[in-house]
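Student: got a sequence here, can you model it:
(chains A and B)
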Protein chains: 2
Amino acid sequence: MKIIGEKINGTRKRVARAIAERDAEFIKDLASRQAEAGSTWLDVNAGTHPDKEPEDLIWLIENIQSVVDTPLCLDSANPEALKVAIKAVDKTPMINSISGEPERLEKILPLVAEHGCEVIALAMDEKKIPETYEKRIEVIEKVMEAVHAAGVEDDKVYVDPLAMTIATANQSAVIACETISAVHGAYPEVHFTMGLSNISFGLPSRKQINRGLLILAMQAGLDSAIMDPLDKDLQAAIVTTEMLLGRDEYCMNYLRASRKGLFE
Amino acid sequence: MKIIGEKINGTRKRVARAIAERDAEFIKDLASRQAEAGSTWLDVNAGTHPDKEPEDLIWLIENIQSVVDTPLCLDSANPEALKVAIKAVDKTPMINSISGEPERLEKILPLVAEHGCEVIALAMDEKKIPETYEKRIEVIEKVMEAVHAAGVEDDKVYVDPLAMTIATANQSAVIACETISAVHGAYPEVHFTMGLSNISFGLPSRKQINRGLLILAMQAGLDSAIMDPLDKDLQAAIVTTEMLLGRDEYCMNYLRASRKGLFE
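Tutor: Got it, this is the predicted structure:
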């Protein structure tokens, strides 16, 4: 299970303030702690000011790279910002994200192909999120056609099936898991990732909902998550579920995690 | 999700002592607390003394029924003890259990048919537990042939796929879930139940393993569990997983459980 550390995100108030005030220590601390907690990538989102995005992204990247060597996941819908940011990274980044939206496919996929990036593909079309898994798969089929046309290998693609807020979409976890299973059947080399916290929006005791979604989606085939790597409960659920899914020979990882105090 | 309260079990030391000393208050307290916590059935196991089993079972049943009206799950491999016990219960009981063992099928199924009981069917043959899900399904096919011959309806049967200790059987949760899926495909009216604690034997932090198994097995089709109904973490996992599996319209059960303090 690969973790995309979600905390350096300019749409969160505290991070937006750190970006606005150029509070480098705050960002470096978030980067170090997420890297130590086992992130495979660190998501970097400069927020929602299109004019300032490239500059803010570069500032974030430079500060993060001054303390950790974890690859970055460049989180922007803006091809111009991505173009600039790709030049600033030390290691090949992941790109977050493409979707069925033609403009994003046309402008972002060539960057992905040129730089050999991993890329997150959202199961949505021109900002509409289909309500059934069958329609989400149709979107992913179109995305994969474009991916193949751009010469990007299937195993560079991380499909995000999009788990919507369950309080207003009763079947959202079911549809997300069905999307994973069906896409996996059609494209066995493709990976999956998912944000875990949107599902529980508006409900009490959100963490256990997010954790339940993680466990169910792992059974369906989820092999990566966009999450808070400092959340011990989620990390414990990953180690435990990997073992239950038969991927932890002699329970070695589970026992190692226990000795390190993960389950306390 | 239906719960079979597991606590009145004579193979547990404290319960064995209560049976030996005829400590009725201890048994009544276990019965009351499990019933209040939402058990659909209360398992009643008098322990492992064949000569005393019928008498002990009757004593347990009478004391339990003096405080609760929850149906009982008569837990014995001894047809003679079951015959006596069935006469002592106020409500139609569940029988725990039959298996592919011919003697149990021949002697216990007629009781099940005569009294209209639900019955747990273990996916094992003459005390051997097959190592693959394909072989477990073969056992269940034989059991179902006998079930049909006895005139018992499919929806009276609760198949226990048997989740072995994962420390010594790496794929045990996977095999249990595959068994559930395959049996469900072949016999859509059949129910499933499972003991949750055996999986984690010998490992630290057992509760989260048991809870993870519950969540994965519910996704595969588990609709009942033999468990400690007083375990709030397990109860919270059930409510949360039912919601994630799309079975809790408007999240009403989840919100009700939250208001009652289940997630605290």
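
Student: name the residues of the helix or strand harbouring A:K107 that come out as buried.
Tutor: For A:K107, the element it lies in under DSSP states H and E is helix A:102-115. With burial defined by 16 or more other CB atoms under 10 Å in any protein chain shown, the residues of helix A:102-115 counted as buried are A:R104, A:L105, A:K107, A:I108, A:L109, A:L111, A:V112, A:A113. In short, each C-beta sits where N, CA and C put it, glycine included.

Student: rounded mean pLDDT for that helix, please.
Tutor: In this model, helix A:102-115 has a mean pLDDT of 96.

Student: what residues does chain A put near chain B?
Tutor: Residues of chain A lying close to chain B (CB under 8 Å from any CB of the partner chain) are A:166-167, A:170-171, A:173-174, A:177, A:199, A:203-205, A:208-209, A:212-213, A:215-216, A:219, A:236-237, A:240-241, A:243-246, A:248-251, A:254-255, A:258, A:263.

Student: so which of these are in strands?
Tutor: Among the residues of chain A next to chain B, no residue falls in strands (DSSP state E).

Student: just the buried ones from these?
Tutor: A:166-167, A:170-171, A:173-174, A:177, A:199, A:203, A:205, A:208-209, A:212-213, A:215-216, A:219, A:236-237, A:240-241, A:243-245, A:248, A:251, A:254-255, A:258, A:263.

Student: output the helix holding A:K107 as PDB, restricted to C-alpha atoms.
Tutor: In PDB, the C-alpha atoms belonging to helix A:102-115 read as follows (Å, rounded to 0.1, in the frame of the first residue of the first chain):
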ATOM      1  CA  PRO A 102     -10.600  16.900 -22.800                       C
ATOM      2  CA  GLU A 103      -8.600  20.000 -22.000                       C
ATOM      3  CA  ARG A 104      -6.900  18.400 -19.100                       C
ATOM      4  CA  LEU A 105      -6.100  15.300 -21.200                       C
ATOM      5  CA  GLU A 106      -4.700  17.300 -24.100                       C
ATOM      6  CA  LYS A 107      -2.600  19.600 -22.000                       C
ATOM      7  CA  ILE A 108      -1.500  17.400 -19.100                       C
ATOM      8  CA  LEU A 109      -1.000  14.000 -20.700                       C
ATOM      9  CA  PRO A 110       1.900  15.200 -22.900                       C
ATOM     10  CA  LEU A 111       3.700  16.400 -19.700                       C
ATOM     11  CA  VAL A 112       3.100  13.000 -18.100                       C
ATOM     12  CA  ALA A 113       4.500  11.200 -21.100                       C
ATOM     13  CA  GLU A 114       7.500  13.500 -21.600                       C
ATOM     14  CA  HIS A 115       8.600  13.200 -18.000                       C
END
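
Student: pull the residues that contact that helix.
Tutor: Residues outside helix A:102-115 that contact it (CB atoms under 8 Å, 6 or more residues apart in numbering or on different chains) are A:77, A:79, A:82-83, A:86, A:92-93, A:95, A:97-99, A:117, A:119, A:126, A:143, A:146-147, A:150-152, A:156.

Student: just the element for the nearest residue to A:G195 once chain neighbours are set aside, please.
Tutor: Spatial nearest neighbour of A:G195, excluding adjacent residues (CB to CB, 6 or more residues apart in numbering or on different chains): A:I226 at 4.6 Å. Assigned by DSSP H and E, A:I226 belongs to strand A:224-227.

Student: so how do I select the buried members of the contacts of helix A:102-115 in ChimeraX?
Tutor: Selecting only the buried entries of those in ChimeraX, with 16+ other CB under 10 Å as the criterion:
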select /A:77,79,82,86,93,95,97,98,99,117,119,143,146,147,150,152,156
